[in-house]
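Q: When you get a sec, could you give me coordinates for this:
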Amino acid sequence: APDGAEAAAVLAADTLVHLDGRTLGKPADRADAVRTLTFLSGRTHQVFTGVALSVPGDDAPQILVEASSVRFKPFSRADAEAYFELANPLDRAGSYDIDTYGDRLVASITGSYTNVMGLPAEAVAPWLAAHSAGLAALPPRDAGEFLRGGRRFG
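A: The predicted structure is shown next:
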């Protein structure tokens, strides 16, 4: 850390959806979300989450990519539009949020549910446990700044 700055651990993750050679990130708008959901309807796609953990004292961040398969139920364009109204998934890769009425879309998941949520807890937990002594020595941060306004990270 620069002089006078606190050292901090950083955990970062980003998720994308992949099907038929296409990478599906966050939709640009409602029309894009409905188009993406319709494309995924009745099909199995892959969800990839890249995660990096950087801890003070380590030479380089640890990096992993977790993969899960998600099979969608068949549904109509009208169903996709109705889902958008319920979940408004503009900030979600693949245009859906597994935790917000995901049961209306998802038939099955193979792999990590938390990966589909956007942070594969089963893969990240060992990292955090391995660094628990070093992380415990860092000053706690106010998580409330991230949670204000009903914003949810998970």
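
Q: Name the helix or strand of the protein that has the lowest mean pLDDT.
A: Sorting the helices and strands of the chain by mean pLDDT, DSSP states H and E puts helix 144-147 at the bottom, at a mean of 37.

Q: Spatially central residue for the protein, please.
A: G118 (1.6 Å; C-alpha atoms, centre = their mean).

Q: I'd say it and T49 touch.
A: Yes - with contacts counted by C-beta atoms under 8 Å, G118 reaches T49, the gap being 6.2 Å. Using the backbone N, CA and C atoms, a C-beta is placed for each residue, glycine as well.

Q: list residues touching both of the two?
A: Residues touching both G118 and T49 (C-beta atoms under 8 Å, 6 or more residues apart in numbering) are 13, 15.

Q: Next, the closest residue to R77 other than its chain neighbours: secondary structure please.
A: Spatial nearest neighbour of R77, excluding adjacent residues (C-beta to C-beta, 6 or more residues apart in numbering): T38 at 5.3 Å. Following DSSP: H, G, I helix; E, B strand; the rest coil, the label given to T38 is helix.
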